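Student: below is the sequence, then the predicted model.
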Amino acid sequence: MENLFELLLAEQRKADLQRILRCNERTGQYGLTLTETDARELMACRENSLKESRRVEFGESILPAVIEFFCDSAYIHQDQYVEVLGQLQELFYTFKNESRDELTDAELLDFMRRQFENICFGDLDYLGGTCLERFARAVRSGWQCGMQRGRRDEYIWGRRITTMGSWTRRRGGNMRFIG
(Lines give C-alpha, C1' and ligand atoms only; values in the text may rest on other atoms or scores of the structure.)
Protein backbone atom coordinates (compact mmCIF):
# COMPACT_ATOMS: atom_id res chain seq x y z
CA MET A 1 0.00 0.00 0.00
CA GLU A 2 2.86 2.36 0.82
CA ASN A 3 4.38 1.80 -2.62
CA LEU A 4 1.07 2.71 -4.23
CA PHE A 5 0.98 5.98 -2.27
CA GLU A 6 4.55 6.80 -3.30
CA LEU A 7 3.71 6.04 -6.93
CA LEU A 8 0.63 8.28 -6.81
CA LEU A 9 2.65 11.04 -5.15
CA ALA A 10 5.37 10.78 -7.81
CA GLU A 11 2.76 11.01 -10.58
CA GLN A 12 1.14 14.01 -8.90
CA ARG A 13 4.50 15.78 -8.66
CA LYS A 14 5.22 15.06 -12.31
CA ALA A 15 1.81 16.46 -13.33
CA ASP A 16 2.32 19.54 -11.12
CA LEU A 17 5.72 20.15 -12.70
CA GLN A 18 4.21 20.05 -16.18
CA ARG A 19 1.36 22.42 -15.20
CA ILE A 20 3.85 24.88 -13.73
CA LEU A 21 6.10 24.77 -16.78
CA ARG A 22 3.09 25.22 -19.10
CA CYS A 23 2.50 28.57 -17.39
CA ASN A 24 5.62 29.81 -19.23
CA GLU A 25 3.51 30.04 -22.39
CA ARG A 26 1.51 32.88 -20.83
CA THR A 27 4.14 34.42 -18.58
CA GLY A 28 6.77 34.56 -21.32
CA GLN A 29 4.98 37.51 -22.87
CA TYR A 30 5.73 39.42 -19.66
CA GLY A 31 9.38 38.39 -19.65
CA LEU A 32 8.88 35.85 -16.85
CA THR A 33 9.82 32.20 -17.24
CA LEU A 34 10.64 29.31 -14.96
CA THR A 35 13.20 26.63 -15.64
CA GLU A 36 12.59 23.06 -14.53
CA THR A 37 14.98 23.71 -11.65
CA ASP A 38 13.00 26.80 -10.65
CA ALA A 39 9.74 24.85 -10.77
CA ARG A 40 11.18 22.07 -8.63
CA GLU A 41 12.43 24.66 -6.12
CA LEU A 42 8.94 26.17 -5.94
CA MET A 43 7.42 22.72 -5.49
CA ALA A 44 9.78 22.11 -2.56
CA CYS A 45 8.80 25.51 -1.17
CA ARG A 46 5.15 24.46 -1.50
CA GLU A 47 5.76 21.31 0.52
CA ASN A 48 7.52 23.33 3.24
CA SER A 49 4.74 25.93 3.28
CA LEU A 50 2.11 23.21 3.59
CA LYS A 51 3.99 21.62 6.50
CA GLU A 52 4.49 24.96 8.27
CA SER A 53 0.85 25.92 7.87
CA ARG A 54 -0.27 22.37 8.71
CA ARG A 55 -2.28 22.10 5.54
CA VAL A 56 -2.93 19.25 3.16
CA GLU A 57 -3.54 19.99 -0.48
CA PHE A 58 -5.41 17.42 -2.54
CA GLY A 59 -5.33 17.61 -6.30
CA GLU A 60 -3.54 20.34 -8.17
CA SER A 61 -1.05 22.72 -6.65
CA ILE A 62 -2.11 26.33 -6.10
CA LEU A 63 1.11 27.54 -7.75
CA PRO A 64 -0.21 27.69 -11.35
CA ALA A 65 -3.07 29.88 -10.10
CA VAL A 66 -0.61 32.13 -8.22
CA ILE A 67 1.45 32.43 -11.40
CA GLU A 68 -1.63 33.30 -13.48
CA PHE A 69 -2.87 35.93 -11.02
CA PHE A 70 0.49 37.67 -10.66
CA CYS A 71 2.31 37.18 -13.99
CA ASP A 72 1.44 40.61 -15.39
CA SER A 73 2.33 42.52 -12.23
CA ALA A 74 4.35 45.66 -12.70
CA TYR A 75 6.33 44.75 -9.59
CA ILE A 76 7.60 41.28 -10.52
CA HIS A 77 10.73 40.93 -12.63
CA GLN A 78 12.62 37.88 -13.85
CA ASP A 79 15.56 38.36 -11.46
CA GLN A 80 13.34 37.89 -8.38
CA TYR A 81 10.48 35.89 -9.96
CA VAL A 82 11.13 32.57 -8.19
CA GLU A 83 11.61 34.22 -4.79
CA VAL A 84 8.44 36.30 -5.14
CA LEU A 85 6.37 33.30 -6.24
CA GLY A 86 7.65 31.33 -3.26
CA GLN A 87 6.70 34.12 -0.87
CA LEU A 88 3.28 34.61 -2.48
CA GLN A 89 2.61 30.89 -2.22
CA GLU A 90 3.60 30.92 1.45
CA LEU A 91 1.38 33.95 2.13
CA PHE A 92 -1.49 32.22 0.37
CA TYR A 93 -1.33 29.15 2.63
CA THR A 94 -0.80 31.21 5.77
CA PHE A 95 -3.78 33.45 5.12
CA LYS A 96 -5.95 30.63 3.87
CA ASN A 97 -5.55 29.31 7.43
CA GLU A 98 -5.90 32.75 9.02
CA SER A 99 -9.22 33.30 7.22
CA ARG A 100 -10.37 29.87 8.42
CA ASP A 101 -10.91 28.68 4.84
CA GLU A 102 -13.95 30.93 4.52
CA LEU A 103 -12.66 32.21 1.19
CA THR A 104 -12.26 30.41 -2.08
CA ASP A 105 -8.77 30.23 -3.53
CA ALA A 106 -9.79 32.69 -6.26
CA GLU A 107 -11.18 35.19 -3.74
CA LEU A 108 -8.00 35.15 -1.68
CA LEU A 109 -5.75 35.37 -4.75
CA ASP A 110 -7.84 38.20 -6.18
CA PHE A 111 -7.56 40.16 -2.93
CA MET A 112 -3.83 39.47 -2.71
CA ARG A 113 -3.31 40.62 -6.28
CA ARG A 114 -5.30 43.86 -5.89
CA GLN A 115 -3.51 44.73 -2.66
CA PHE A 116 -0.09 43.81 -4.07
CA GLU A 117 -0.58 46.09 -7.08
CA ASN A 118 -2.61 48.99 -5.72
CA ILE A 119 -1.83 49.28 -2.02
CA CYS A 120 1.50 47.54 -1.38
CA PHE A 121 3.15 48.50 -4.67
CA GLY A 122 4.94 45.14 -4.73
CA ASP A 123 6.03 45.10 -1.07
CA LEU A 124 5.49 41.53 0.14
CA ASP A 125 6.23 42.40 3.76
CA TYR A 126 3.47 45.01 3.74
CA LEU A 127 1.12 42.61 1.96
CA GLY A 128 1.61 39.86 4.56
CA GLY A 129 2.17 41.98 7.63
CA THR A 130 -0.56 44.54 7.18
CA CYS A 131 -3.02 44.05 4.32
CA LEU A 132 -3.58 40.32 4.61
CA GLU A 133 -3.47 40.40 8.40
CA ARG A 134 -6.22 43.05 8.53
CA PHE A 135 -8.17 41.21 5.85
CA ALA A 136 -8.03 37.87 7.67
CA ARG A 137 -9.09 39.55 10.91
CA ALA A 138 -12.06 41.09 9.10
CA VAL A 139 -13.07 37.75 7.58
CA ARG A 140 -12.83 36.04 10.98
CA SER A 141 -15.01 38.72 12.53
CA GLY A 142 -17.78 38.23 10.00
CA TRP A 143 -16.92 40.13 6.86
CA GLN A 144 -17.86 38.42 3.67
CA CYS A 145 -16.90 39.16 0.09
CA GLY A 146 -19.46 40.19 -2.48
CA MET A 147 -18.98 36.91 -4.37
CA GLN A 148 -20.07 34.99 -1.29
CA ARG A 149 -23.18 37.17 -1.06
CA GLY A 150 -23.98 36.80 -4.75
CA ARG A 151 -22.54 40.19 -5.66
CA ARG A 152 -19.14 41.16 -6.96
CA ASP A 153 -17.28 44.27 -5.79
CA GLU A 154 -20.22 45.80 -3.98
CA TYR A 155 -20.96 47.12 -0.53
CA ILE A 156 -24.48 47.22 0.75
CA TRP A 157 -25.28 50.44 2.53
CA GLY A 158 -28.83 50.37 3.82
CA ARG A 159 -31.05 49.66 0.83
CA ARG A 160 -28.83 51.34 -1.72
CA ILE A 161 -26.03 49.39 -3.38
CA THR A 162 -22.84 51.37 -3.87
CA THR A 163 -19.92 49.94 -5.84
CA MET A 164 -16.97 50.86 -3.65
CA GLY A 165 -15.16 47.65 -2.78
CA SER A 166 -15.67 43.95 -2.45
CA TRP A 167 -16.36 43.38 1.26
CA THR A 168 -19.52 43.71 3.28
CA ARG A 169 -20.46 43.01 6.89
CA ARG A 170 -22.43 39.81 7.58
CA ARG A 171 -24.14 41.08 10.68
CA GLY A 172 -25.26 44.62 11.47
CA GLY A 173 -22.80 47.39 12.11
CA ASN A 174 -20.95 50.15 10.34
CA MET A 175 -19.48 49.57 6.91
CA ARG A 176 -15.83 50.34 6.27
CA PHE A 177 -13.30 49.59 3.59
CA ILE A 178 -10.43 47.39 4.70
CA GLY A 179 -7.70 48.13 2.23
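Tutor: Perfect, thanks for sending it. Numbering: from 1, shown residues only.
Student: in this protein, which spans are strands?
Tutor: 143-145, 155-157, 160-162, 167-169 (DSSP state E).
Student: now the second one: mean pLDDT?
Tutor: For strand 155-157, the mean pLDDT works out to 32.
Student: same thing with the last one?
Tutor: Averaged over strand 167-169, pLDDT sits at 39.
Student: mind checking how far the residue positioned nearest the centre of the chain is from residue 36?
Tutor: The structure's the chain has its C-alpha centroid closest to residue 109; by C-alpha atoms, centre = their mean the separation is 3.4 Å. Separation of residue 109 from residue 36 (C-beta to C-beta, to the nearest Å) stands at 24 Å. Backbone N, C-alpha and C define where each C-beta goes, glycine included.
Student: shaky segments in this protein?
Tutor: 1-2, 5, 53, 55-59, 143-179 (pLDDT under 70).
Student: the residue nearest to the centre of the chain touches residue 92, doesn't it?
Tutor: Yes - counting by C-beta atoms under 8 Å, residue 109 touches residue 92, with 6.9 Å between them.
Student: any shared contact partners between the two?
Tutor: Shared contacts of residue 109 and residue 92, defined by C-beta atoms under 8 Å, 6 or more residues apart in numbering, comprise residue 66.
Student: quick check: closest non-adjacent residue to the residue nearest to the centre of the chain.
Tutor: Nearest non-adjacent residue to residue 109, counting by C-beta to C-beta, 6 or more residues apart in numbering: residue 69, 4.6 Å away.
Student: ok, residue 102 next?
Tutor: Here the nearest residue to residue 102 in space, its sequence neighbours aside, is residue 139; by C-beta to C-beta, 6+ apart that works out to 5.5 Å.
Student: who's in contact with that neighbour?
Tutor: Residues counted as contacts of residue 139 (C-beta under 8 Å, 6+ apart) are 99-100, 102-103.
Student: among those, which ones are buried?
Tutor: 99, 102-103 (16 or more other C-beta atoms under 10 Å).
Student: longest helix in the protein, by residue count?
Tutor: The helix that spans the most residues within the chain, counting by DSSP state H, is helix 2-22.
Student: give me the number of residues near residue 74?
Tutor: 10 (other C-beta atoms under 10 Å).
Student: ok, it touching residue 118?
Tutor: No - contact between residue 74 and residue 118 fails when scored by C-beta under 8 Å: they sit 10.5 Å apart.
Student: so what sits against both of the two?
Tutor: With C-beta under 8 Å, 6+ apart, residue 74 and residue 118 have no common neighbours.
Student: where's the nearest residue to residue 128 once chain neighbours are set aside relative to residue 135, distance?
Tutor: The shortest distance from residue 128 to any non-neighbouring residue, by C-beta to C-beta, 6+ apart, is to residue 91 (4.9 Å). Residue 91 is 11 Å from residue 135, where distance means C-beta to C-beta.
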